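Q: Pasting the sequence and the predicted model now:
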Amino acid sequence: MTDALRPMAKPRLYEQVLERLRTYAAEGGLQSGDRLPPERDLAQRLGVSRASVKQAIVVLEVQGLVEVRHGGGTYLVRDSLDAEPVEHLVERRRRLPDVLEAREALETKLAELAAERRTDEDLDALRFALSQMADEIAQGAPGVEGDRLFHAAVTAAAHSSLLAEFMRSIADQITESRNESLRQPGRPARSLTQHRAILRAIEAQEPKQAAAAMRRHVRTVAKVRLLDWNPDDGREPVD
């Protein structure tokens, strides 16, 4: 039976608020560092509840477009509020736990093997990656490229062609989880510190310590704002 005449979905109210905020930012020429009006003012001007405004702000925060400073307002992180559609965000939230679970299983073993098998060339690649990440962070960037290089160097140092193939098969999903993690406030510096602990264990050829350090790191990566967001909270609330 055809599904073409199924009931049409009604856009959630917070999604409509999102579109209004994006239009407001574009028409007002808002840029990175500019502040949005307070939630109470937005709710009053848009004729919606504060809960709907708050949910829209949460989505923008999850997308890395705004920074919410407790007691200090909401500020743009980029020069616009344009981002992926909400349904894409929901899909990423759905698959992220599986990606993080796979990362923990694969990368913990890779770190263990790297500690057993690394060569001097492998250590040079790991140190270069950490230097790259440190330079990026010092310049105010999240360190995404240095992070990518470090995990790639750990994979190479394990000298396991099959595990490396598994990692390549989920490379796009790993990139998503990396970007989600490094958007968290204070996370880039913390990740760099954890990477250094992993490197020390690999340098010392201590497989168990390397695996434990990688496991701690990946579990930190798993703590992202996106997983705290519940899209079902976007149903039109009652004040």
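A: Perfect, thanks for sending it. Numbering: from 1, shown residues only.
Q: Quick one: residues in contact with stretch 188-205.
A: 111, 114-116, 118, 123, 126-127, 129-130, 133-134, 136-137, 141-143, 146-147, 150, 154, 157, 181-182, 207, 209-210, 212-214, 216-217, 220-221 (C-beta atoms under 8 Å, 6 or more residues apart in numbering). C-beta here means a position set from N, CA and C on the backbone, and glycine is covered the same way.
Q: So which of those residues sit within helices?
A: 111, 114-116, 123, 126-127, 129-130, 133-134, 136-137, 146-147, 150, 154, 157, 181-182, 207, 209-210, 212-214, 216-217, 220-221 (DSSP state H).
Q: From the contacts of stretch 188-205, list the buried ones, please.
A: With burial judged by 16 or more other C-beta atoms under 10 Å, the buried subset of the contacts of stretch 188-205 is 111, 114-115, 118, 123, 126, 129-130, 133-134, 136-137, 142-143, 146-147, 150, 154, 157, 181-182, 207, 209-210, 212-214, 217, 221.
Q: Residue 108 is in contact with residue 211, correct?
A: Yes - assessed by C-beta atoms under 8 Å, residue 211 is found in contact with residue 108 at 4.9 Å.
Q: ok, residue 71 - how many residues close by?
A: The number of residues packed near residue 71 is 4, by other C-beta atoms under 10 Å.
Q: Next, give phi and psi for it.
A: phi 80, psi 0 (degrees, to the nearest 10).
Q: next one: residue 141
A: Torsion angles, degrees, to the nearest 10, at residue 141: phi -90, psi 160.
Q: Please report the distance of it from residue 195.
A: Plainly put, residue 141 is 15 Å away from residue 195 if you go by C-beta to C-beta, to the nearest Å.
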